[in-house]
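1. here are the coordinates; sequence isn't available:
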């Protein structure tokens, strides 16, 4: 198994997340990809600063130049932020033949044309899944999955901070200032939230998505960007009255004239549309292609771990380039971390049980006794009205139960004198974050 | 630009869709990928059958063996259906060193372990995005985008036919038999819908997703599969009363014991959960990973074009393997099919306009006159109540208008004597299929 040397330039929230998750899930990653990714050099601004996650001092430097120049570093991860230093880093790394992974949307939006031209000339790839919508693999989808389609339209909520603010104004009736303060308190908005509020964080992402959709690097002057600070509580209220929700939207589309629209602005969206239900810091991107039809991607668009997930996926892809494997994977790579299926009767979940019972006192107690003797808990019971004079339906919602135990209890219940029939036994999936 | 020879084995709905879209969007595809994909051999069952789309007779054969053996065919697309012939095709093609693209979920579910072992031994890749959830790139996401995460749970609606049936039973109160008949009338269900109804179509897809998530090829005996034919109108009604919707669900998860659950069955899901809103023939897959967090993919899971989109994306990837390019793409490939941005004031969309006006007769007419003189149509007007005695809000919903024209109209309106202020001018995005 090849070991690939990684250099991290930037060790803020995302950089530390990449470092941490590479360590935590390193075995899984090696087994899945056939490569071991080893962080060999880290550039950070202030080595004296106390941090929860800290690389060993012998690999730390304060100069990104040391990361790129290190002969043991084969892939450079740029997570410094800003424009000038990252631009210099990209030029140096590409000329040195080292692939770069980045999450720097501002850099790519402003200098993408130059950087990709240099990358093409030197045949050194740039990876940037983390530059748009964090954990949502929308860059990969645009580059690879939707290659068969002319893109008719992309519409998305791609700035979590502004969506959080408008969601709270809409749901709780807060003012803009109150919602912004709450976003800052929860760490969703920077101390200086200018780029979130004025739309340009989403604008940079929209420029990247539009460029991938339409094959020319969209200049920043080609995007029309408005912020959410113009939205008032009154408009949110009137919009609701008219059947709409106000969302921070990015709209990218091309019509028959082949002219491309790139717009970022708050917009009224029909309240029944799925994008109207994307709330809080979540992001969603709808892509409508002429062959693929309508698709939607939803997930966490920012945050340490989701963004680190995108960076690490790019690192895995960059590693296969560095390792020179035309295609390491043949479509499925077995590994040994799992390997057993749970027998179906051992699975645990809540249940819905519907009986047809004799309408007489004591029936509910008899059934509850059987469930209790199987250590199965009842979360609620309803007895809907019945057309039948003699029998009535009796519906139980059952807490988490072992499937086999639930089946045995249902069999016993079926044998009770007061029970005419067991009409339904269905599983319940609460789908809460597990 | 390299031309890559494609052989199609199977020319049913999806095969014809691949052939058609390769022709229609061929220029776009060549510009994006740097390869021209040329269909050089087509195997179909009955060449005499009349078809809307028909390949030239000189490349048609009735034997898949001719497709695989053709020296001008470098990639084989298997869309025949069934098990025995496709299995023989895969073995022959892989031994001949030709990558295979397929949508055959039953084949992979039952013979994946053998086929991927052979593929690994011969270093010939297999592509199968079309085998699960059609236009949704969930295979690529599982293989590449989520590589950093332990998969905690996958929950999805991955059979459109059964979702269509349960959606109609739920929304229209139809019986199971009525909904099934309607699905067949609309062509959503096969004449023999057994695999859709008994859950095994979704079961095969769940086995593929679980295998990718957990790194061992899940045996069919490891999956617990139940059909939707057990669901009654009564249960749908009682579930609704309890706050749930009954959905055809696939649930894949692993707990702390590393044992993998693969289940397909109807289940009650909370009515407020996003999966409860996935209706009709649409598919959705939620993936919860420890690093990436909660994500969701939504789109058309079946049908000629969405499935063809998945096959063509796989073909593009297979072509870059065949062409021997370690990585043809450096992250962005410019092309010349578009290239201009539409000036922001030329964009057309509906608008929301809020004014503060003097509360007197004739005000509405004055504003409407200005809009009319700019050829801007009003779709509705509301006059909400006001706290202020002298002035009232006046809210217009405006039909599609040219942005610049709308801005100029708003300026003129601002100058009217009866208008105190123009308080808001926001865009409306109806997000209907454009």
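-> Yep, that arrived. This structure is a prediction, so every number in the text was calculated from the model and none was measured.
2. now residue A:190, what's its secondary structure?
-> At residue A:190 the chain is in coil, as set by DSSP: H, G, I helix; E, B strand; the rest coil.
3. tell me the contacts of it?
-> Contact analysis of residue A:190 by Cβ atoms under 8 Å, 6 or more residues apart in numbering or on different chains lists A:184, A:196. Using the backbone N, CA and C atoms, a C-beta is placed for each residue, glycine as well.
4. and it, what are its phi and psi?
-> In terms of degrees, to the nearest 10, the main-chain angles of residue A:190 are phi -70, psi 160.
5. do you know the pLDDT at it?
-> Looking at residue A:190, its pLDDT stands at 73.
6. and it, how far is that from residue A:184?
-> Residue A:190 sits 8 Å away from residue A:184, going by Cβ to Cβ, to the nearest Å.
7. tell me the helices in the stretch 301-434 of chain A, going along the chain?
-> Counting by DSSP state H, counting those that start in this stretch, the stretch 301-434 of chain A has helices at residues A:304-322, A:363-373, A:403-414.
8. care to break chain A down by domain?
-> A:2-134+A:306-322, A:141-301, A:344-427 (automatic domain parsing).
9. which secondary structure element contains residue A:81?
-> Residue A:81 is part of no helix or strand when elements are defined by DSSP states H and E.
10. got the contact list for it?
-> Going by Cβ under 8 Å, 6+ apart, residue A:81 touches A:10, A:12, A:104.
11. which one (most neighbours) among those?
-> Neighbour counts for those, by other Cβ atoms under 10 Å in any protein chain shown, peak at residue A:10, which reaches 27 neighbours.
12. contact partners for the nearest residue to residue A:355 once chain neighbours are set aside?
-> The shortest distance from residue A:355 to any non-neighbouring residue, by Cβ to Cβ, 6 or more residues apart in numbering or on different chains, is to residue A:394 (4.7 Å). Counting by Cβ under 8 Å, 6+ apart, residue A:394 touches A:354-357, A:363-364, A:367, A:381, A:383.
13. which one of those is nearest chain B?
-> Checking the contacts of residue A:394 against chain B with Cβ to the nearest Cβ, the nearest one is residue A:354 at 6.2 Å.
14. which pLDDT value goes with that closest one?
-> Residue A:354 is assigned 97 on the pLDDT scale.
15. over to residue A:281?
-> Looking at residue A:281, its pLDDT is 87.
16. and residue A:141, that one's in a strand?
-> No. Using three-state DSSP, the assignment for residue A:141 is helix, not a strand.
17. I figured it hits residue A:286, correct?
-> No. With contacts counted by Cβ atoms under 8 Å, residue A:141 stays clear of residue A:286, the gap being 11.5 Å.
18. more neighbours: those two, which one.
-> In this view residue A:141 and residue A:286 are compared by other Cβ under 10 Å, and residue A:141 has more residues nearby, 25 against 21.
19. and the more buried one, how far from residue A:375?
-> Between residue A:141 and residue A:375 the distance is 46 Å, computed by Cβ to Cβ.
20. and of the contacts of residue A:81, the nearest to chain B?
-> Taking Cβ to the nearest Cβ as the measure, chain B lies nearest residue A:104 of these, at 12.9 Å.
21. let me see the contact set for the closest one.
-> Applying Cβ under 8 Å, 6+ apart to residue A:104 gives the contacts A:78-81, A:86, A:128, A:131.
22. of the residues you listed, which is the most crowded?
-> The residue in those with the most neighbours, by other Cβ under 10 Å, is residue A:78 (29 neighbours).
23. I figured that one hits residue A:10, correct?
-> Yes. Applying Cβ under 8 Å as the test, residue A:78 and residue A:10 come out as touching, 6.6 Å apart.
24. which neighbours do those two have in common?
-> By Cβ under 8 Å, 6+ apart, residue A:78 and residue A:10 have these common neighbours: residue A:64.
25. how about low-confidence regions in chain A?
-> Low-confidence segments of chain A, defined by pLDDT under 70: A:325-328, A:433-434.
26. quick one: closest of the domains of chain A to residue B:120.
-> domain A:2-134+A:306-322 (11.0 Å; Cβ to Cβ).
27. thinking again about what came up before, between residue A:141 and residue A:286, what contacts are shared?
-> Applying Cβ under 8 Å, 6+ apart, one finds that residue A:141 and residue A:286 are jointly contacted by A:295, A:297.
28. circling back to that earlier point, of the helices of the stretch 301-434 of chain A, flag the one that's most buried.
-> helix A:304-322 (a mean of 26; mean count of other Cβ atoms under 10 Å in any protein chain shown).
29. ok, back up a step: let me have the domains of chain A in TSV, extended by distance to residue B:41.
-> Below are these laid out as TSV (distance: least, Cβ to Cβ, whole Å):
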stretch	distance to residue B:41
domain A:2-134+A:306-322	31
domain A:141-301	21
domain A:344-427	44
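30. out of those domains, which comes closest to residue B:241?
-> Per Cβ to Cβ, nearest to residue B:241 of these: domain A:344-427, 6.7 Å.
31. between the two ends of the closest one, how far is it?
-> Domain A:344-427 has an end-to-end distance of 12 Å (Cα to Cα, to the nearest Å).
32. and that domain, how far out from the chain middle?
-> 39 Å (Cα atoms, centre = their mean, to the nearest Å).
33. what of stretch A:128-146?
-> The answer for stretch A:128-146 is 10 Å, by Cα atoms, centre = their mean.
34. now do the same contact list for residue A:61.
-> Listed by Cβ under 8 Å, 6+ apart, the contact set of residue A:61 reads A:41-43, A:67.
35. before we move on, back to that, any chance of the helices of the stretch 301-434 of chain A in CSV, plus distance to chain B?
-> What follows is the helices of the stretch 301-434 of chain A, written out as CSV (distance: least, Cβ to the nearest Cβ, whole Å):
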stretch, distance to chain B
helix A:304-322, 4
helix A:363-373, 16
helix A:403-414, 8
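36. any chance of a markdown table for the ones you listed, columns distance to residue A:240?
-> Shown next, in a markdown table, are those (distance: least, Cβ to Cβ, whole Å):
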| stretch | distance to residue A:240 |
| --- | --- |
| helix A:304-322 | 30 |
| helix A:363-373 | 43 |
| helix A:403-414 | 43 |
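37. contacting residues for residue A:38?
-> Residue A:38 neighbours (Cβ under 8 Å, 6+ apart): A:3-6.
38. nearest to residue B:309, of these?
-> Ranked by distance to residue B:309 (Cβ to Cβ), the contacts of residue A:38 are led by residue A:4 at 32.8 Å.
39. name the nearest residue to that closest one, sequence neighbours excluded.
-> Nearest residue to residue A:4 in three dimensions, chain neighbours excluded: residue A:319, at 4.4 Å (Cβ to Cβ, 6+ apart).
40. a strand runs through residue A:144, doesn't it?
-> No. Secondary structure assignment (three-state DSSP) places residue A:144 in helix, not in a strand.
41. alright, that wraps it up for me.
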